[in-house]
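Asker: here is a sequence with its predicted model. Questions after.
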Amino acid sequence: MQLKLNFLSFGLLLATTLCAQEKLLLRTPAINNDGSLVAFSYQGDIWTVSSKGGNAQRLTIHEAHETKPLFSPDGKQIAFTGARFGNNDIFVMPSTGGMPTRLTFRSTADNLSSWTIQDQIVFSSNREFKSLERPSEVYAISPKGGTESRVLDALGHDPAFSPDGKFLLFVRGDINPVAREDYKGSSDRDIYLYDVTQKTYQLLPCFETNDILPQWGSNNEVYYLSSIDGTYNLYQMKLDAKGKVTQQPKKITNYKDEAIRSFNISADGRSIVFEKDMNIYLLNTATNAVNKINVEIRADDRMDAYENKSFNSGAEEYAVSPNGNLMAFSIRGEIFIKEIKKDNTRSVNVSKHSFRDINPVFLNDSTLLFTSDRSNGNFDIYMVRSADTTQIDLFKTMKHEVIQLTKTGEDETSVTVSNKGNKLAYVRGKGTFVVADISPAGLLSNEKILSDTWDAPGGIAWSPDDQWLAYSLNDLYANEEIYVQPADNSKKAVNVSMHPRPDYGPVWSGDGTKLGFTSRRSTSKVTEAYFVWLKKVDWEKDADDWKEDVKQDSTKSKKNAVVPVNIDLEGIHRRLVQVTNVPGNVGNLNISKDGETFYFTTNNSDVEGNDLYSIKWDGKSLKELTKGGTNPGNVTMDAQGKFLFYSGRGGNLSKFDLKSNTSESLPFNARLKIDYVEERTQVFEEAWRTIRDGYYDPNFHGYDWGKLHDKYKDRCVYASTSEDFAEMFNLLLGEINSSHMGLNAPSRNETQRETTGLLGAEVVPVNGGIKVGHIIPETPADKEKSKLIEGDVITAVNGEMITSDDNFFEFLNGTVNEKVLLTVKSPDGKEREVVMRMVSSVTDQLYQEWVDTRAKMVEEFSKGKLGYVHIRGMNFESFEVVERAFTEAGFGKDGLVIDVRYNGGGSTTDYLMAILDYKQHAYAIPRGASENLERDKLKFREYYPLGERPVYAPWIKPSIVLCNEGSYSNAEVFSHAYQSLKIGKLVGVPTNGSVISTGAKSLMDGSTVRLPLRGWFTKTTNKNQELGPAIPDIIVENEVNWLAKGTDEQLKVAVNALLEEVKSRK
């Protein structure tokens, strides 16, 4: 009988396994030369299967994520990309299986594209040719090894040589094409043809949408994907022997709702394999018939489906019980309770499921509240207590009872318990501020709504007597103010901060005299600590009055009675006191129970990081409490005012004893079970809800967000790797055709991390070594002590000779900041040794070379009359550089060319407008500049004390702005503003059309999803700048290979237009 039961169990297990295999997410298929064998990626490994379907064979098994297999033209080998050494490199192996051989070694992502008949593997990567442009460089490498060579003077993606090697197809455009299939704009991807012999470029006649992944069929047929109808389908066009189009694009597939994500064509041109939904399909090019390839996976999973893990760091939120004996904290969506003892690491898990439990807060010493989405897909309030009447201690009990308190269908968040533990304040939905009574049994009653707005109150804090609530709230001007309001809703909220700069984190003093907060209102623009006097009589006291009060207080017996909080609301915002005046930002404000001492964190001037400090309310007696840059966060004072609790680096927990001025670690050991499939479901749902509830457009650009949930859930949940999960979810995000979107997921893979030392020069493999090409200024190869010259051949590295089978970058891995000995042969044949200290990046030097080149062009084109400034980013680091550059480049010039091409955005448009849109209301003449003011005054009309009076020194002469498809986000806001305010002309091509203010939310497994939350509309036209680009007054395109040719037609046109403007003003 036992044998039969075991056999039955085995049968059930097999059935369960096969059932689970019904949903497989199969990725990036490729097909061999005769169409008989298909390779694909699953579980981050490379597999092969017959094109007729059947049992698949695993070829690789490695911790790294491996994808994009590609057959050699003869079908005997497979190339693929894998992140075994920290980034995607290219590997090659026999198609029947075997040990992979690594081909590329540089610590830069390599994107495999095609394999030529001439036996070259072609890929795209970012090296020393491009600087700030977004498309990649195109390289080729032999499958036998050696060093790669750049094969194209233009930038692009998806390169593919024709079978005869005469032509190269590639794609240009900045947008992520697979995720944004509906995008139509200046950054959409277009297909180009490069004639290798004639060295000419031709834009192929595709569509005004994304056209991607061109591949060669037989007889000069070109296949590619296009989203012209809203969904990626397969198209075909034909070229003649000279590369001219003889047949306009022809639609091969006609899918309406499910896009083809990738495809590959066999070397004989008869078969195409493609990826769609969760499967792979085979298309016969003669008949266009399509069949699904039924794949069976009869193999073990590469990674465990679940894992029991112990955490001694990573605490996200925590709470301390009123008596100070217990601490509750959350890790990875589960709530733990521990005793506040240094020598006891044991932690009790009160969650034990794959939903997300967060925001623990004690109702009393034996009852904990938290929020969870375990019931209805939204966050409700729950209560946990002991189910053992003989042991009510939450830590010691062996039985826990979890009770759901709210069931509203909306999220309840920001739960805050009153000091007496009989009331709750919390937020429901987007911004409904609720106060309710709560019984010890968890019954909520007497609900009152204090406010109901578009934004949720933050930093909710109960007054010591529980009669008032303080909180911060944003207005539509993006200004956060501090409010106080009676908890019984008997009066309207009163603004106690009243300032145009943000105010945060209200905190009451225990003696009921002060309400503290932090604010960015000082002239230094750093966050400082402030408070308002709650009573006018306290505000009116001078220093001597306070000294007398201290003497009187010292003679009185101290009591624990709660002091009633009386507030004189009239003029309260004027009773403001600045407490701190420190160089860094103040945060984590707390106030002692007697109201005398303020505790906060700020920068430690001696080391990198923040530390805890204390200061008296009058700004005196500043003291450093912790040392060494401990970075305390979430600082909270216990109910008795004896300790400050905080979380440190990596989510460690600690407390600071305010009497002994010592810190003590509070170690923990939190054990939980991670079911990765269930967790992936939770992360998917939470990320989807984040966009549902917070995306700036409640109509999601006209797309059905609920329908998209159902379309993508299975392919995300059944993704076999975190990388595939992220890619699938990003496809979901892309369906609503929005910028500023993306999900980043942590990888479970444990791989090596290599970093390549860089010379600062392009290199080309030649017989006998590596030839030095263009040298980037201010890099190691340009320094006097380690200078190389163009044409040098490096023959050895650290004494090891470089052969034709060696990859040069393999010699340089692990050499960052190290000295390397190069044996170099000069163009005249002389040999020398060069000692060079390698660097990890030459990005800044490439950028500066790009800027300097354009500045010289402007000097030449304008014959010295105009200056040039490029704005690298819309951030304060760039702004400080630009503010100086305006003076440097514009000194003695008649006008200024301002360039925001390839500017990725930020937030400093208004600072730049303060410089460019300045209205001069007067002019000033100092003594000595004129001997007769009345006679000479008109000569000085353009002069004003710009260096001392305006906030930023303005530019008052003519200017012009360059923008292009790489101008993104706030760089587009700048372009719109410049044009709308009629400061000058805009030149180039339309901007990207990607303008939304965005934030991000952390998810349970450490993933983050970006959340666009505020739309931008041009005031003069009411046009949404998202998908509504800034359109130049003068539209001009640059040549495809403009970088290699050293030309810049857009810049030249801008110079000529500005010269005309200067001339017209004289």
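Answerer: Now that the structure is in, tell me what you want to look at.
Asker: so where is this protein shaky, pLDDT-wise?
Answerer: Filtered on pLDDT under 70, the chain yields the residue ranges 1-22, 177, 523-524, 550-560.
Asker: what strand or helix carries the residue nearest to Cys206 when sequence neighbours are not counted?
Answerer: Leaving aside its chain neighbours, Cys206 sits nearest to Ile191 (5.5 Å; criterion: CB to CB, 6 or more residues apart in numbering). No exception for glycine: its C-beta is placed from N, CA and C like everyone else's. Using DSSP states H and E, the element containing Ile191 is strand 190-195.
Asker: can you list the buried residues in the helix or strand following that strand?
Answerer: Once strand 190-195 ends, the next helix or strand along the chain (criterion: DSSP H and E) is strand 200-203. Buried residues in strand 200-203, defined by neighbour count with 16 or more other CB atoms under 10 Å: Tyr201, Gln202.
Asker: tell me which residues are up against strand 200-203.
Answerer: Outside strand 200-203, the residues that touch it by CB atoms under 8 Å, 6 or more residues apart in numbering are Ala154, Asp190, Ile191, Tyr192, Leu193, Tyr194, Asp195, Gly243, Glu1039, Val1040, Asn1041.
Asker: widest-spaced pair of the residues you listed?
Answerer: Farthest pair in these (CB to CB) is Gly243 and Glu1039. Separation: 17.8 Å.
Asker: show me what the helix or strand encompassing Arg832 is packed up against.
Answerer: Assigned by DSSP H and E, Arg832 belongs to strand 831-837. Contact analysis of strand 831-837 by 3 or more CB pairs under 8 Å, 6 or more residues apart in numbering; DSSP states H and E lists strand 819-825 as its packing neighbours.
Asker: try 10 Å
Answerer: Based on contacts counted as 3 or more CB pairs under 10 Å, 6 or more residues apart in numbering; DSSP states H and E, the elements that strand 831-837 packs against are strand 793-797, strand 819-825.
Asker: could you say which of the ones you listed is packed most deeply?
Answerer: Compared across the helices and strands packed on strand 831-837, strand 793-797 shows the largest average neighbour count, a mean of 20 (mean count of other CB atoms under 10 Å).
Asker: counting by contacts, list what the helix or strand following that strand packs against.
Answerer: Toward the C-terminus, strand 793-797 is succeeded by strand 800-801 as the next helix or strand (DSSP H and E). In this structure, strand 800-801 makes packing contacts with strand 819-825, judged by 3+ CB pairs under 10 Å, 6+ apart.
Asker: ok, now with 8 Å
Answerer: Against strand 800-801 (3+ CB pairs under 8 Å, 6+ apart) you get no helix or strand.
Asker: can you tell me the closest non-neighbouring residue to Asp488?
Answerer: Nearest to Asp488 is Lys448, by CB to CB, 6+ apart, at 6.9 Å.
Asker: residues near that neighbour, how many?
Answerer: Neighbours of Lys448 under the rule other CB atoms under 10 Å: 16.
Asker: so it makes contact with Thr432?
Answerer: No: using CB atoms under 8 Å, Lys448 is not in contact with Thr432; the gap is 11.0 Å.
Asker: between Gly243 and Glu1039, which one's more packed in?
Answerer: Gly243 (19 against 13).
Asker: give me the distance between the more buried one and Gln120.
Answerer: 20 Å (CB to CB, to the nearest Å).
Asker: dump the contacts of strand 200-203 to JSON lines, plus distance to Gly993.
Answerer: Shown next, in JSON lines, are the contacts of strand 200-203 (distance: CB to CB, whole Å):
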{"residue": "Ala154", "distance to Gly993": "24"}
{"residue": "Asp190", "distance to Gly993": "16"}
{"residue": "Ile191", "distance to Gly993": "21"}
{"residue": "Tyr192", "distance to Gly993": "22"}
{"residue": "Leu193", "distance to Gly993": "27"}
{"residue": "Tyr194", "distance to Gly993": "28"}
{"residue": "Asp195", "distance to Gly993": "32"}
{"residue": "Gly243", "distance to Gly993": "32"}
{"residue": "Glu1039", "distance to Gly993": "23"}
{"residue": "Val1040", "distance to Gly993": "22"}
{"residue": "Asn1041", "distance to Gly993": "26"}
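Asker: can you show me the strands along the stretch 51-200 of the chain?
Answerer: 54-55, 57-58, 66-71, 77-82, 89-94, 101-102, 111-115, 121-125, 137-141, 149-150, 157-161, 167-172, 190-195, 200-203 (DSSP state E, counting those that start in this stretch).
Asker: kindly reformat those as JSON lines containing distance to Pro990.
Answerer: Converted to JSON lines, those look like this (distance: least, CB to CB, whole Å):
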{"stretch": "strand 54-55", "distance to Pro990": "50"}
{"stretch": "strand 57-58", "distance to Pro990": "47"}
{"stretch": "strand 66-71", "distance to Pro990": "32"}
{"stretch": "strand 77-82", "distance to Pro990": "33"}
{"stretch": "strand 89-94", "distance to Pro990": "36"}
{"stretch": "strand 101-102", "distance to Pro990": "42"}
{"stretch": "strand 111-115", "distance to Pro990": "27"}
{"stretch": "strand 121-125", "distance to Pro990": "25"}
{"stretch": "strand 137-141", "distance to Pro990": "25"}
{"stretch": "strand 149-150", "distance to Pro990": "30"}
{"stretch": "strand 157-161", "distance to Pro990": "20"}
{"stretch": "strand 167-172", "distance to Pro990": "15"}
{"stretch": "strand 190-195", "distance to Pro990": "14"}
{"stretch": "strand 200-203", "distance to Pro990": "17"}
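Asker: relative to the strand holding Ile191, what are the paired strands and their orientations?
Answerer: strand 167-172 (antiparallel), strand 200-203 (antiparallel) (DSSP bridges).
Asker: what's the angle from the first one to strand 111-115?
Answerer: What it means is strand 167-172. If you take axes from the mean of the first three to the mean of the last three CA atoms, to 10 degrees, strand 167-172 sits at 160 degrees to strand 111-115.
Asker: any idea how far strand 167-172 is from the chain center?
Answerer: 30 Å (CA atoms, centre = their mean, to the nearest Å).
Asker: over to stretch 566-576?
Answerer: Chain-centre distance of stretch 566-576: 42 Å, with CA atoms, centre = their mean.
Asker: picking up where we left off before, mind listing the residues bridging to the residue nearest to Asp488?
Answerer: Here Lys448, judged by DSSP bridges, has bridge partners Val435.
Asker: just Gly458 next, same as before
Answerer: Residues in beta-bridge contact with Gly458 (DSSP bridges): Ser472.
Asker: what do you get for the one 10 residues further on?
Answerer: Beta-bridge pairing of Trp468, defined through DSSP bridges, involves Pro486.
Asker: isn't it up against Gln485?
Answerer: Yes: the pair Trp468 / Gln485 is scored as a contact, 7.0 Å apart, by CB under 8 Å.
Asker: this completes my enquiry, with thanks.
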